[in-house]
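Trainee: Please work out how this folds:
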Amino acid sequence: MPKSNQRASELTTCDRCGANVRAHGKFNPGPNKPDPELDDIKVEYHPHSQIPSTVHHFSEFTCSRMTEDTVPRNNSPWEPFRTRLDFEIAEIALEAAMTKDQTNRLLDLMHRSASGNDKFTLQNHNEVRSLWDIALQHYTRFQNDTVSVPFDSEVHEFEMHYRPLWDWGLDLLRDKYLVPHFVFDAQCLSKFDRERFVRFIDEPWTADAFWNAQSQLPSDAKPLAFILYADKSKLSSFGTQKGYPIIVRIANLPVHICNNNTALGGGRVVGWLPIIVENQEHVKKKNYVDFKNAVWHTHSNTGYWFECGDGIQCHLWPVILILSADYEEQCIMALIHGLKGKFPCPVCLVPQDEQSILATHELCTRCQSEDVLCTARSKPSEKEKELHLKAFLLQNVENVFSRVVHVNVHRALSFDRLHTNEEGLWGDHLWKEVKFWISDLGHDAAVKLDKNFDGLPRWPDLTHFLSVIAVDFTDGTMIVFAAQDIFTSSRCKLGHLLLRCIRYYVEFDIYASLEVHTEHTIAAGRLAVQKFSEIMAEYIAQSQPETLKNWNFPKKHLVSHIFDDIISKGATRNYSTKPNEKMHGSLRKIYLQCTNFKNIASQILHYDEWLLTSTSMHTELDELDEYYKRNTCDPETNEVLDLDDTGEPESTNTIHAHLGSRQGNHSFSDIMLSHRTDRAFTNFRMKLNGFLNNFLPQHNIPLPDGRCIITVFHFLRVNYESIVDWRLHRDLLQCNPKFYGSPRYDCVIVKTADKPFFARLVYMFSCLIGSTDFPLALIQPYDVGIASSRRRRDNNMGLWRVRAKPRISSEIISVQLIIRGAALANDPETDGDYFVIHTVDTDMFLRVKALQDQPST
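Mentor: Model (predicted):
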């Protein structure tokens, strides 16, 4: 991303400001500049911005402008509804997709029961509809045009519904509360690691494509960057009725706003493509395929000065930065033949028979595609045209994206984790290979796999299956833990080799999912892809005689583009298809509950317009309520609330560790009696006294001269800073003998002066000494040393083993020493040994990788 673009495709340390930052040397701040501190953030802006580089302390850094504390934008945001009550009742009817009869019955009930200060005036369903139609005039409406495409000596016409993309973007920029979150200038961010500033990438404007796009614009222009998604969706239960929505998001907005489907600034349907009914007479003919693609591609090359909602004028320039779609749609967008073409990748020119091999290939370019099409169309005969296009596997259709300046469709197409990895490489291929070898081993292996899966600990988003072998699922992160004692090298050599492949698949997929990337994580991710490809090549060569599996398919190849896309467009969540796929559900609901099943596009899109209007009005109502709530008194105590910077009462969310689910006070005799069979409570009182005798003097707290009051708790909330995105995350941990009918004692990572260790919670309590409560925990450490030979065997599968101390060796610690929660999977082969499930989230993944990278002792 430097000025000259010569390093635009490489991730390197930022040095646009001069020689102060060296690629591998120490940082020299230069004369009269203070030395940077650890974790300081350096921001280098695009030269067109004319903003000088800045260095911020980590605690002060923020990526967006602060919103001023102003009065609400609208004192009566419920208009054109006559009262707030009218709007809120109409909103409920809209969200619930009530029929006309249901709406009228609801309104009749409201009139019969209405009382109080707010008036309810709505009379019937037709009035509600008319008010929604008045309200939606504030936003860009859908339009429809007729698309004419010739085929087989006839001109076929299709109705195309669309909301003008540019006008929709300007709608967002008019919102004075949303516009402070927009970022128009590309940035290069880096974090100081004591020696140099290390570049990191997260949002699109921190990556190369945004920087390069701004470089191609006039110096006073700002890119308004769009993310487009398109895919067909089944609307009816049996799939006979389909929709083809185009969904747009704004890449200038932070991902937590951009990927939100329920708030203003999130994804929005801006188009509804016609679906061509398959004609069996022509379905396999090349001209018919070109005809279908032409319908997709038929339908501004200058900037535009616009005054945003904050009163600042910007010279905006539309940029299609990202195209998000599954493989089939990407082929349509790129106008290539796809799966059976000679060059099936929409990004590069990989030959069809080399897709299973990790290698670098020439990239497709916009100019190349346009030149091929132009040359083909100059040929005198249809046969010569077809032969020329066939050599490059392109369609005889002009690409709609060629009409937009500065757009290279092949660069805009982005890696799709959902369909390529989760549902594709894992769900359609690797998981089926696992089931093949389980079946080969027999019934006992299947039973053991089910048992191992069921034995995994309970943890958020960790799915358990009653019979995993009979289920198709998309999350392959747990299979190594469940199958490592089944696919041993002695029992099933090829199954063991497959498990090693899956180990590296899981690794590069987690690296790909990181919310923030540094040059180190990108290098590690590339290495994981390389290792996966190498071991897969070995597995393919040895297993094909038995499995007869063909691994030459696009999704095997597409993983080679993951980290190039991250460098170019930021973290994969910026172009994930998941938020867009979720919108298909709401469109299906509208179809089933709010249409008459005829001419559905206009009905669905009209209802979607109402939902957008409702969302905006509700946001303004929330702002109004928040404004009036500030500086108010507690309704129970009549005292002024102690508000933090957000205007909300201070909460325990800012406390590192907080005990909850209070069980009452207990005496030492009560504790010993109720846990008399648990050796972890042996000498409990002496352990507590020993802990307090050390802990209290270290913190300049006098030793108690009387008894302490012990209060037992079953719940612990831990707030911790993720080492991935450096934001605050939260673990909710249990230490409960009967959590939903079963005992649950979660595990944790404990901080020490040397290095952290894993432990299991045994008992959580607070100790009241004088007027001070000390939150404590009795833990069973899992820090017994592991032999280096055992470590090497575990590392072969990417596992990190921990071993429990005897229960009698329990310890008491302050809960403030707990770094975060952890999930441990029992090793069925060795009693007392566990594997840390490092795949539960990205933070735990990097923490365990750091442990594995330490030299063995």
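
Trainee: From residue 507, how far out is residue 434?
Mentor: 17 Å (CB to CB, to the nearest Å). In short, each C-beta sits where N, CA and C put it, glycine included.

Trainee: no no, residue 691
Mentor: On the measure of CB to CB, residue 691 and residue 507 end up 39 Å apart.

Trainee: quick one, which of these two is more surrounded?
Mentor: Higher neighbour count among residue 691 and residue 507: residue 507, with 23 against 18, using other CB atoms under 10 Å.

Trainee: so how far is the one helix or strand that one maps to off the chain centroid?
Mentor: Using DSSP states H and E, residue 507 sits in helix 493-513. Chain-centre distance of helix 493-513: 21 Å, with CA atoms, centre = their mean, to the nearest Å.

Trainee: Then stretch 770-787?
Mentor: That offset, for stretch 770-787, works out to 34 Å (CA atoms, centre = their mean).

Trainee: Out of the helices and strands in the protein, which is least certain?
Mentor: helix 286-297 (a mean of 45; mean pLDDT, DSSP states H and E).

Trainee: Might you list the low-confidence residue ranges for this protein?
Mentor: Confidence mapping of the chain against pLDDT under 70 gives the ranges 1-32, 62-73, 113-118, 151-152, 276-303, 393, 629-654, 706, 856-857.

Trainee: For it, identify the residue most remote from the centre.
Mentor: For the chain, the residue at maximal distance from the C-alpha centroid (CA atoms, centre = their mean) is residue 705, at 53.4 Å.

Trainee: Using the three-state scheme, assign that one.
Mentor: coil (DSSP: H, G, I helix; E, B strand; the rest coil).

Trainee: Relative to residue 770, how far out is it?
Mentor: Distance, residue 705 to residue 770, using CB to CB: 9 Å.

Trainee: other SSEs contacting the helix or strand hosting residue 440?
Mentor: Applying DSSP H and E as the criterion places residue 440 in helix 431-441. Judged by 3 or more CB pairs under 8 Å, 6 or more residues apart in numbering; DSSP states H and E, helix 431-441 is in contact with helix 443-454, helix 479-483, helix 493-513, helix 519-547.

Trainee: now for whichever helix or strand comes after the longest one, which elements pack on it?
Mentor: Beyond helix 519-547 on the C-terminal side, the first helix or strand identified by DSSP H and E is helix 554-558. The elements that helix 554-558 packs onto, with contact taken as 3+ CB pairs under 8 Å, 6+ apart, are helix 327-334.

Trainee: C-alpha coordinates for the helix it packs on, PDB please?
Mentor: C-alpha atoms of helix 327-334 as PDB (Å, rounded to 0.1, in the frame of the first residue of the first chain):
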ATOM      1  CA  TYR A 327     -18.600 -19.900  -6.300                       C
ATOM      2  CA  GLU A 328     -21.500 -20.200  -8.700                       C
ATOM      3  CA  GLU A 329     -22.400 -16.600  -8.400                       C
ATOM      4  CA  GLN A 330     -18.800 -15.500  -8.700                       C
ATOM      5  CA  CYS A 331     -18.500 -17.300 -12.000                       C
ATOM      6  CA  ILE A 332     -21.600 -15.400 -13.200                       C
ATOM      7  CA  MET A 333     -20.100 -12.100 -12.000                       C
ATOM      8  CA  ALA A 334     -16.800 -12.900 -13.700                       C
END
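
Trainee: Could you give the separation of it from the chain centroid?
Mentor: For helix 327-334 - counting by CA atoms, centre = their mean - the centre lies 22 Å from the chain centre.

Trainee: list the buried ones in that helix?
Mentor: 327, 329, 330, 331, 332, 333, 334 (16 or more other CB atoms under 10 Å).

Trainee: Out of these, which comes closest to residue 94?
Mentor: Closest approach to residue 94 among the buried residues of helix 327-334 (CB to CB): residue 329, at 30.3 Å.

Trainee: I'd say that closest one and residue 244 touch.
Mentor: No - counting by CB atoms under 8 Å, residue 329 sits too far from residue 244 to count as a contact (9.8 Å).

Trainee: which neighbours do these two share?
Mentor: Contact criterion CB atoms under 8 Å, 6 or more residues apart in numbering; residues shared by residue 329 and residue 244: 230, 231.

Trainee: contact partners of stretch 34-53?
Mentor: Here stretch 34-53 has contacts from 3, 14, 16-17, 27, 29, 54-58, 61, 185-194, 197, 211, 214-215, 217, 219-221, using CB under 8 Å, 6+ apart.

Trainee: In PyMOL, select just the buried ones from those residues.
Mentor: Here is the PyMOL command that picks out the buried ones among those, judged by 16+ other CB under 10 Å:
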select buried, resi 14+16+27+55+61+185+186+187+188+189+190+191+192+197+211+214+215+217+221
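
Trainee: The contacts of stretch 34-53 in strands, which ones?
Mentor: 54, 55, 56, 187, 188, 189, 190, 191, 192, 197, 221 (DSSP state E).

Trainee: Report the two members of those separated by the largest distance.
Mentor: 192 and 221 (32.1 Å).

Trainee: quick one on the thing from earlier: redo the buried residues of helix 327-334 as CSV? Include distance to residue 615.
Mentor: CSV is the format used below for these (distance: CB to CB, whole Å):
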residue, distance to residue 615
327, 32
329, 27
330, 30
331, 34
332, 30
333, 29
334, 34
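
Trainee: Out of the residues you listed, which comes closest to residue 125?
Mentor: residue 329 (37.8 Å).

Trainee: Could you pull up the residues touching the closest one?
Mentor: 230, 231.
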